[in-house]
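Trainee: would you be able to build a 3D model of this:
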Amino acid sequence: MGRTVTPAAILDALMQGTGRRPLQPAGVLGEGLDAGSDNTPARMLALAVHAHLYDLPASPERFEESAAATRDERPIVPEDVRPLIVKLVTGKGNLTDDPAALALAQSLDRHGYRLHPFDVPRLATFVRKHADLLGIALAEAEGETGNHWTSWETLDESTWMLATPAHKANFIADLRLSDPAKARALVEAQLPLEKAEVRLRLIDALGAGLSTDDRPLLESLAGDRAPTVKRAVTRLLARLPGTGAAEAQIAELLSRITRGSAGLLRKRVTLTLQMPANVKSATAETDWLASSFGGGWLLCTGSGIRDDARGDG
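Mentor: Below is the predicted model of the structure:
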């Protein structure tokens, strides 16, 4: 076979001119072409271009293993469960951030399942909301590092900072129950390295086993640049007697309670709690009381204060 049968040889001959060295159609790229036809050079050029288009790219000399995608070895959810998941978190009235959706994400995480790849686009909002529990490494696309499929039950003091934000918080909350000082030290060392969202989760995790020993750390964090983090720190400080935040919280509560009376023959004293204007449902009331005054406040809701506030007591 002559040198003109390859795409490179055809292009080279055309660049040098075919007056002295006419293209001789031979081989695969010249099959069926007439050497004497004026259209033959143009046809061979077109064939050479198409051959280049279908060439495979050159293989790199070496591969960077660190650049390879993390392989997710978790099993996909059973086939009969897939439509139930889609129905639960999509469609009218099915919110991706309601307790049912959160419970679903936690269950998938706890049992080690992952979503079917075909379902991920359909559940995009749900996936974005609970990415750290679902093992969808969205943060890696933004240049973050870490093992986004690490199970929090297998974490220890040397690896917990590599987990997802939710797993980090779970680890700290569990450690607070057994060794609160160690957990506090780990959080204090890690906070400067984290974004505001993760700092918020870690500070909330300190609420487990909260004690006066945490006061110096919390007071040092009161000036955090993120408003959400500052509010979380204030909520924890408000649970510690003797702090300025606790006194302000008590004053806030008292300012919302008014005393009255009910009954015609046997009058009784009633206490009415004025909720914020944007707190309208019973669930929202419970959430506001818990976040503003701590879970202990909910113990007194059965004493009649909240019932009277709603006209039931």
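Trainee: so where's the stretch 151-300 of the chain uncertain?
Mentor: 151-154, 246, 290-300 (pLDDT under 70).
Trainee: mind listing the helices for it?
Mentor: 165-178, 180-190, 196-205, 215-220, 227-237, 244-255, 282-293 (DSSP state H, counting those that start in this stretch).
Trainee: where are the low-confidence patches of the stretch 1-150 of the chain?
Mentor: Checking the stretch 1-150 of the chain against pLDDT under 70 turns up 1-5, 20-21, 29, 56, 63-72, 92-97, 136-150.
Trainee: using a markdown table, lay out the helices of the stretch 151-300 of the chain together with distance to residue 125 and mean neighbour count.
Mentor: Placement of C-beta: from N, CA and C, glycine included. Formatted as a markdown table, the helices of the stretch 151-300 of the chain follow (distance: least, Cβ to Cβ, whole Å; neighbours: other Cβ atoms under 10 Å):
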| stretch | distance to residue 125 | mean neighbour count |
| --- | --- | --- |
| helix 165-178 | 17 | 20 |
| helix 180-190 | 29 | 17 |
| helix 196-205 | 17 | 20 |
| helix 215-220 | 34 | 15 |
| helix 227-237 | 21 | 18 |
| helix 244-255 | 35 | 13 |
| helix 282-293 | 21 | 14 |
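Trainee: output those helices as CSV; include the columns distance to residue 117.
Mentor: Output for those, formatted as CSV (distance: least, Cβ to Cβ, whole Å):
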stretch, distance to residue 117
helix 165-178, 22
helix 180-190, 33
helix 196-205, 26
helix 215-220, 43
helix 227-237, 33
helix 244-255, 47
helix 282-293, 35
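Trainee: to residue 58, which of those lies closest?
Mentor: helix 165-178 (41.2 Å; Cβ to Cβ).
Trainee: so for residue 158, which of the helices of the stretch 151-300 of the chain sits nearest?
Mentor: Short answer: helix 180-190, nearest of these by Cβ to Cβ, at 10.3 Å.
Trainee: contacts for that closest one?
Mentor: 157, 160-161, 168, 172, 175-176, 202-203, 205-206, 208-209, 211, 213-214, 217 (Cβ atoms under 8 Å, 6 or more residues apart in numbering).
Trainee: repeat the analysis, applying 6 Å as the threshold.
Mentor: Here helix 180-190 makes contact (Cβ atoms under 6 Å, 6 or more residues apart in numbering) with 161, 172, 175-176, 202, 209, 217.
Trainee: ok, residue 83 - how many residues close by?
Mentor: 10 (other Cβ atoms under 10 Å).
Trainee: after the host helix or strand of it comes which helix or strand?
Mentor: Residue 83 is part of helix 82-89 when elements are defined by DSSP states H and E. Sequence order places helix 99-111 as the next helix or strand after helix 82-89, per DSSP H and E.
Trainee: show me what contacts residue 80?
Mentor: Not one residue lies near residue 80 by Cβ under 6 Å, 6+ apart.
Trainee: burial of residue 22, as a residue count?
Mentor: Counted with other Cβ under 10 Å, the neighbours of residue 22 add up to 14.
Trainee: again but with residue 52, I slipped
Mentor: Residues near residue 52, counting by other Cβ under 10 Å: 11.
Trainee: ok, now residue 256?
Mentor: 14.
Trainee: quick revisit: so which of the helices of the stretch 151-300 of the chain gets nearest residue 126?
Mentor: Residue 126 lies closest to helix 165-178 among these, at 14.5 Å (Cβ to Cβ).
Trainee: now the angle from that closest one to helix 99-111?
Mentor: 80 degrees (axes from the mean of the first three to the mean of the last three Cα atoms, to 10 degrees).
Trainee: export helix 165-178 as PDB, just CAs?
Mentor: Provided in PDB are the C-alpha atoms of helix 165-178 (Å, rounded to 0.1, in the frame of the first residue of the first chain):
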ATOM      1  CA  PRO A 165     -21.100  17.400  58.300                       C
ATOM      2  CA  ALA A 166     -24.000  15.300  59.700                       C
ATOM      3  CA  HIS A 167     -21.600  12.400  60.600                       C
ATOM      4  CA  LYS A 168     -19.200  14.900  62.300                       C
ATOM      5  CA  ALA A 169     -22.100  16.200  64.400                       C
ATOM      6  CA  ASN A 170     -23.300  12.700  65.300                       C
ATOM      7  CA  PHE A 171     -19.800  11.700  66.400                       C
ATOM      8  CA  ILE A 172     -19.400  14.700  68.600                       C
ATOM      9  CA  ALA A 173     -22.900  14.300  70.100                       C
ATOM     10  CA  ASP A 174     -22.200  10.700  71.000                       C
ATOM     11  CA  LEU A 175     -18.800  11.500  72.400                       C
ATOM     12  CA  ARG A 176     -20.300  14.200  74.500                       C
ATOM     13  CA  LEU A 177     -22.300  11.600  76.400                       C
ATOM     14  CA  SER A 178     -19.200   9.600  77.400                       C
END
